[in-house]
Every structure is written in C-alpha cells, then in structure tokens.
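Asks: here are the coordinates; sequence isn't available:
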C-alpha cells in the first residue's frame, strides 16, 4: 500500500516551481476570456424558450435552488455575465487568485451548461472547463500574481524566505489531470470508432463524406478539396483512429508526450480548417501541456541541437566522408 | 542514473543546480523504487483519512503537517473526475447528454459505407401574415444549429407536419405579425469527377393550422 501511495505522490505531486502553474493560469484565463460566452445569445436562448429542453445536471442543480425565472432571465444572465467577466480579469492578474478562478470557472460552467440545455450538446469546452476549475483548486496565484506581490512584504517582515513560496508539491496535478483526461477522451473517441464500425472508419469514404458535409455549408475550400481525395481519406482515417487510440502512450512513455501534444495541435487545426470544428480550447490545452508539462524537453532539445549540430557539420566537411 | 543526469542537465539550463525531480522518469507506471531510496512513507489510511506524509524530495524540506491536506483533497478531486467519466459510458445517453462536462466522447463513431460523396443542405423560410418572407435562423427559433437541424429540419424534410406546426408555434411567440407558412428548401451537393454538382430538392410547404391563428 505504501508503495502505491508513494507512486501516486511521485506522479501527481512532484515538488516544482509554481511559476509553471501561474503561466497556465494566465494562458488559460486569457484563452477563456477571448472565447467568452456571448451575452446576447444567452439572453436570446433564455427569452425564446419558456423552459429547458434537456437541462444539464449543473443547470438542474442551480434551478433547484434558484428558480429559472430568477436567474435565467435577461437581468439574471447579464448579472452573471459581469460577475464572471470581472472574476476572469482578477484571476488573470492574480488578485484573490483562487476565489477569482473558482467564480470564473463556475460562471463559464453555468453559461456552457445553459447553452447545452436546449437539445444541443457539444464537446469542445468540456476538458478545458475542468482544467480551469482545477486551477482554482491548486496554488495558481502563488507566483506571477498580484497576490504574490502583496505577500512578499508580509513574508519579509516575518523573516521568511520569499523563494520558499515559489515551490509547491500541488502545482503539477492540474496539468497531469488534463493530460490523463485528454488521453481518456481521445481513447474513448478512437475506441468508439473501432467498436461501432471496425476498420470501416478507414475506408476513405467516411472521412470524405463527413468532411464534405461539414465543409460545404461554410464553403471551406480545403475541406471541399479533401472530400474529393480518396487516398487522403484512407490515410487520414487511419491516422485519426491510431492517434486517438494510442495517445495514452504519452502517459506510459513521457518522452513521447511532446510528439503527441504537437500532433494533437495539428490535428485540431486541420479539423478547423477543413470542417470548421472549433476545438480551439483543445489546441490551447495541448499547447499548455506541450510547453509546460515537461518544460525541460524544449530546452533539452535546443541543448542537444547546440551540441550535435556543430559535430554533424564537421562530419560533413571532413574529407573522405560520404 | 544516466537518464537522471541527462534530465538534470535539461533542467539546469543556465547552470542552475537541478532542484526538481526528474519528471521524465516519472511516468504513470514507474520502475520499482530502489530500496536505497531516500523516500520514506508513512500512510495509515484505516486510522485517519488524509494522513499522507509527503515524501521528501532530495532538495526540499519536510512539509509541515498542515500542508498534507491539500494533497488529500487534490487526490480526491483527481479520483472523482477520472471516475465520473465512467458514468456517461456506462449509462450512455446518445446525442442528448445531460452531464456536461462529464461526457461520453463517441463523436463521428459511425463509419459510412462506400458511396457517392454527397450532402444535403436545407433551409427554412417563413412567410408572415403580412407577406414578408424571412429566413428561419437559430436566433429566431431560440436554439442552436444542431438542435434546429435535428428537431425541425430533418423531421420536416421527411414530411412531419406536426413538427412544422410546433415550429410555427415557437416562431410566433410574442409576434405581432405571425408566420402563417414555413417552406423547406434545399439542394443536394455531390462530387462528380473533379467538380461539385448541385441538384435542387423539391420544396415542402407547411401552412399554419387555422385554429392557431385565433
């Protein structure tokens, strides 16, 4: 039992700098502020529908306490909108970081839950929303924040070293959880394709027809072109299934993680360009993990290139070398 | 040891001492711990929940007892979030999931058998009592694109007049100039050789029940 607990702690709670988590906070909050819910569309949804169609569990829980005609009205939604926005701004600068993050995340959860309570549910926001909430449960304001700035004089007066505040053993788990959830969801998507249709997903026609159906209404040139390429359809179908099924390898072999994160970014960019699927927050999440989950990999790559490039160029220039 | 020193060099960067554990060596399934490891663990879950002792790393101090709690709560959150993702898989709700953000991720699971590369694009136009024609949008209906398609467009394209009446009722809420008719138009686009061909689909018209006008 103690060995399992130790493994658990070593994986989820290594002692690291809190700057990584702070950077995550800044990037994640900035992204969510950029893709902030539209006030007008939520007011329209609430006004045009006398009741929810398939309310999300969160919305049902809220309306159990606060009736629909109190919160989900133009005034109620506008109030929630501004509270969430202000919380986002304070979370961004790191003022009352964790409460701000919690309110910001919860506000976004309510808006997305509201949007998906009218017989239409989609996936792009789900993982990022969970990640945003976990930032509120971790020491995200310990560095690169107004909270940290305000804490320094107090710490100095108390005789404590301000450096000690910069490390924590609970600074990595939100990123690790995001990584695990990405692996789970990609695997789930890939496995469902294989379970439902076997190898049929790689027949080329599946990719072509899905791409055509999504690209035509929005006149997406690349998607329309891709829909006419059968060989590409077969290759992309195979790549999609293999990438989704084997993304979890990045958990088992951490050195492969940057490769998977980078491919995930390209994958979602390609989905947007060809089919208009807006998995922007997944792109942001994969980018955060690419650069911040194992920050040393990029520096290591640069160091290795710095060491090896001169050697390779010397070998090319050496006489007799083929 | 060699792998540790390589990664320590990665972390060192500008010559700072490697202070943090080798994250690359810590995978989900790490190798057996060395018996000479400096980590010592005391865990007694059966007596008191949350009495995890933080394993000290080489270069960090032992944590004060009050610092143990965050790791316990974090662990509970981790297990809860991961565990909850089994719920939508075991109790699958199809397209109408209600447990956001805990969802089943089975999008585009269905393969499509070999056949023409085609798609159908449909629109609904409404005609008001004053003779104005207006495109029926998601904004007008108060719904989202997929819901408009699944709830109204698709059934109406199959001749479902009940859904058409429902749509008219929804559209006419609070309107002084009510819609008296909705017309479904569309095209079929398909790839033919190197180009895209278009074929107009027959229009379907649904008139409002006279009883609804009163």
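Replies: In hand now; what should we look at? None of these values were measured; they are calculated from a predicted model. Numbers count the residues shown, from 1 in each chain, chains lettered A, B, ... in the order given.

Asks: C-alpha only now, for contacts and for neighbours.
Replies: Noted.

Asks: Compute the number of surrounding residues for the residue lying closest to residue A:173 once chain neighbours are set aside.
Replies: Counting by CA to CA, 6 or more residues apart in numbering or on different chains, residue A:173 lies nearest to residue A:12, which is 5.1 Å off, once chain neighbours are set aside. Residue A:12 is flanked by 25 other residues according to other CA atoms under 10 Å in any protein chain shown.

Asks: Show the contacting residues for residue A:12.
Replies: By CA atoms under 8 Å, 6 or more residues apart in numbering or on different chains, residue A:12 lies in contact with A:170, A:172, A:173, A:176.

Asks: Between the residues you listed, which sits nearest chain B?
Replies: residue A:170 (6.6 Å; CA to the nearest CA).

Asks: max-length helix in chain B?
Replies: Taking DSSP state H as the criterion, chain B has its longest helix at helix B:68-84.

Asks: That should have said chain A, apologies.
Replies: Max-length helix for chain A by DSSP H is helix A:173-197.

Asks: next one: it to chain centre, how far?
Replies: Here helix A:173-197 is found 13 Å from its chain centre; the criterion is CA atoms, centre = their mean, to the nearest Å.

Asks: and it with helix B:68-84, angle?
Replies: Put simply, helix A:173-197 runs at 10 degrees to helix B:68-84, going by axes from the mean of the first three to the mean of the last three CA atoms, to 10 degrees.

Asks: Who are the packing partners of the very next helix or strand once past helix A:173-197?
Replies: Downstream of helix A:173-197, the next assigned helix or strand under DSSP states H and E is helix A:205-215. Counting contacts by 3 or more CA pairs under 8 Å, 6 or more residues apart in numbering or on different chains; DSSP states H and E, helix A:205-215 is packed against helix A:221-227, helix A:230-246, helix A:257-275, strand B:118-128.

Asks: quick check, the helix or strand containing residue A:251 touching chain B?
Replies: Using DSSP H and E, residue A:251 sits in helix A:249-252. Yes. Residues of helix A:249-252 are located near chain B by CA under 8 Å from any CA of the partner chain, namely A:251, A:252.

Asks: List the buried residues in that helix.
Replies: A:250, A:251 (16 or more other CA atoms under 10 Å in any protein chain shown).

Asks: which secondary structure elements does it contact?
Replies: helix A:173-197, helix A:257-275.

Asks: Could you dump those helices into TSV with mean pLDDT and mean neighbour count added?
Replies: Compiled in TSV, the helices and strands packed on helix A:249-252 are given as follows (pLDDT from 0 to 100; neighbours: other CA atoms under 10 Å in any protein chain shown):
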stretch	mean pLDDT	mean neighbour count
helix A:173-197	95	21
helix A:257-275	96	19
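
Asks: If I look at residue 33, what pLDDT would I see?
Replies: Assuming you mean chain A. Looking at residue A:33, its pLDDT is 97.

Asks: Let me rephrase: I mean chain B.
Replies: 37.

Asks: can I assume residue A:118 sits in a strand?
Replies: No. Going by DSSP: H, G, I helix; E, B strand; the rest coil, the assignment for residue A:118 is coil, not a strand.

Asks: doesn't residue A:52 make contact with it?
Replies: Yes. Residue A:118 is within contact range of residue A:52, at 5.7 Å (criterion: CA atoms under 8 Å).

Asks: Same drill for those two, tell me which one is more crowded.
Replies: Shown here are residue A:118 and residue A:52; by other CA under 10 Å, residue A:118 has more neighbours (22 against 18).

Asks: ok, the more buried one - contacts?
Replies: With CA under 8 Å, 6+ apart, residue A:118 has these contacts: A:52, A:53, A:54, A:55, B:143, B:144, B:147.

Asks: could you dump the residues you listed to CSV with distance to residue B:168, pLDDT and secondary structure?
Replies: Formatted as CSV, these follow (distance: CA to CA, whole Å; pLDDT from 0 to 100; DSSP: H, G, I helix; E, B strand; the rest coil):
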residue, distance to residue B:168, pLDDT, secondary structure
A:52, 19, 93, coil
A:53, 17, 89, coil
A:54, 21, 89, coil
A:55, 23, 94, coil
B:143, 14, 90, coil
B:144, 17, 88, coil
B:147, 16, 89, helix
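
Asks: any idea how far residue A:46 is from residue A:99?
Replies: To residue A:99, residue A:46 is 28 Å away according to CA to CA, to the nearest Å.

Asks: Oh, that last question was meant for residue A:291, not what I typed.
Replies: Residue A:291 is 26 Å from residue A:99, by CA to CA.

Asks: Can you give me the pLDDT of the residue nearest in space to the middle of chain A?
Replies: The centroid of chain A falls nearest to residue A:285 when counting by CA atoms, centre = their mean (2.8 Å). pLDDT, residue A:285: 97.

Asks: and if you look at residue A:317?
Replies: So residue A:317 comes in at 66 (pLDDT).

Asks: what's the least confident helix or strand in chain B, going by average pLDDT?
Replies: Ranked by mean pLDDT, DSSP states H and E, the weakest helix or strand in chain B is helix B:2-12, scoring a mean of 39.
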